[in-house]
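Chemist: Would you be able to build a 3D model of this:
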Amino acid sequence: MQHRRIGSVTVSAIGLGGMPLSIEGRPDEARAIATVHAALDAGITFIDTAMSYCLDSSETGHNESLIARALAAYGGDTSGVLVGTKGGAARGATGEWSFHGDPAALREACEGSLKRLGVDSIGLYQLHVPDPDVPYAESVGALGELHDAGKIRAVGISNVSSGQLREAHGILGERLVSVQNNFSPAVRESEPQLRLCEELGIAFLPYSPLGGISRAGGLGSAHAAFARIAEERRVSPQQVCLAWELAKSPVVVPIPGSSRPATITASAAAADLELTAAEFAELDAGQGVS
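Modeler: This next block holds a predicted model:
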């Protein structure tokens, strides 16, 4: 397993996105915990979760609690595992999404995450999405205050523009260590934010790096270049995709979601797949839609 950095912490080059373990279509708890354990067995040391990864408001924080139980039940050492969670978004009584970026709501959300994760300080706490009804500086500033109070050890932001990234960096400085944006072969609009992260020395964490839960399985059918190189290399198109993202920049740490031990084990193996310059250029040139 390659390793990269999120702030001052060294983590596996590929992380685990916990969302599929807790939303619609989720596996039973035994398989969910087995998936987390398979990730740890494969050398993954970064797990991404959020208070909003649940079905509805009756089980807010489902994924955080699940991750905490899985880590507690693991037979090996988990002291080197970085868990990143997020606040600022929630699901309502019928599963609808809402945004809560005001400082009071973020402080309350952080306290809930601390309890569910069973920790005194959260390794990485991220603003899930900018709240259109709250000045971005106020939301970001609240996370800075949580950091300075010792509630969190590092700050991340998600779903941001380049302008918002620069604004957050201006407020937080070295406390800001990561950006989590949607990025995949079909969704490349965050390339400017990736490059800005590189310039600022901030980790870029692609979520839905394989195209999302409903599209990951068909990645090879939708993107011909990934399928062709996968066939030549005798690996999966999904592994080629993760290798391509890793090759884009040393600040990239993809966080593929998974709901089965086999899929996260395969994703972890992509960290050892080195693309040739020609392969990378072909993949990076365009979407390769067939």
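
Chemist: which residues does residue 98 contact?
Modeler: Residue 98 makes contacts with 89, 90, 91, 92, as judged by C-beta atoms under 8 Å, 6 or more residues apart in numbering. Any C-beta I mention is one placed from the backbone N, CA and C, and that applies to glycine too.

Chemist: Can you tell me the SS state at it?
Modeler: With DSSP: H, G, I helix; E, B strand; the rest coil as the basis, residue 98 sits in strand.

Chemist: If it is in a bridge, with which residues?
Modeler: Beta-bridge pairing for residue 98 (DSSP bridges): residue 90.

Chemist: separation between it and residue 111?
Modeler: If you measure residue 98 against residue 111 using C-beta to C-beta, to the nearest Å, the figure is 19 Å.

Chemist: same deal with residue 271?
Modeler: Residue 271 is 35 Å from residue 111, where distance means C-beta to C-beta.

Chemist: Neighbour count for these two, which is higher?
Modeler: Here residue 271 and residue 111 are compared on neighbour count by other C-beta atoms under 10 Å; more neighbours surround residue 271, at 22 against 13.

Chemist: For that one, list the residues it contacts.
Modeler: 1, 2, 12, 13, 14, 242, 243, 246.

Chemist: Which strand residues bridge the third one?
Modeler: For residue 12, the beta-bridge partners under DSSP bridges are residue 3.

Chemist: Below-threshold pLDDT in this structure: ranges please.
Modeler: Low-confidence segments of the chain, defined by pLDDT under 70: 286-290.

Chemist: most distant residue from the middle of it?
Modeler: The centre of the chain is farthest from one residue, residue 232, which by C-alpha atoms, centre = their mean lies 29.1 Å away.

Chemist: distance between stretch 64-72 and the chain's centre?
Modeler: Averaged C-alpha coordinates place stretch 64-72 at 17 Å from its chain's average position (C-alpha atoms, centre = their mean, to the nearest Å).

Chemist: how about the strands of the stretch 101-250 of the chain, start to end?
Modeler: Taking DSSP state E, counting those that start in this stretch as the test, the strands found in the stretch 101-250 of the chain are 124-127, 155-158, 176-180, 203-204.

Chemist: can you redo the ones you listed as a markdown table with distance to residue 47 and mean neighbour count?
Modeler: As requested, the strands of the stretch 101-250 of the chain are exported to a markdown table (distance: least, C-beta to C-beta, whole Å; neighbours: other C-beta atoms under 10 Å):
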| stretch | distance to residue 47 | mean neighbour count |
| --- | --- | --- |
| strand 124-127 | 10 | 26 |
| strand 155-158 | 13 | 26 |
| strand 176-180 | 13 | 25 |
| strand 203-204 | 14 | 26 |
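
Chemist: Among these, which comes closest to residue 165?
Modeler: Ranking the strands of the stretch 101-250 of the chain by their distance to residue 165 (criterion: C-beta to C-beta) puts strand 176-180 first, at 6.0 Å.

Chemist: Mind listing residues that contact that closest one?
Modeler: 6-8, 48, 84, 86, 124, 126, 154-160, 165, 168-169, 193, 197, 202-207, 255.
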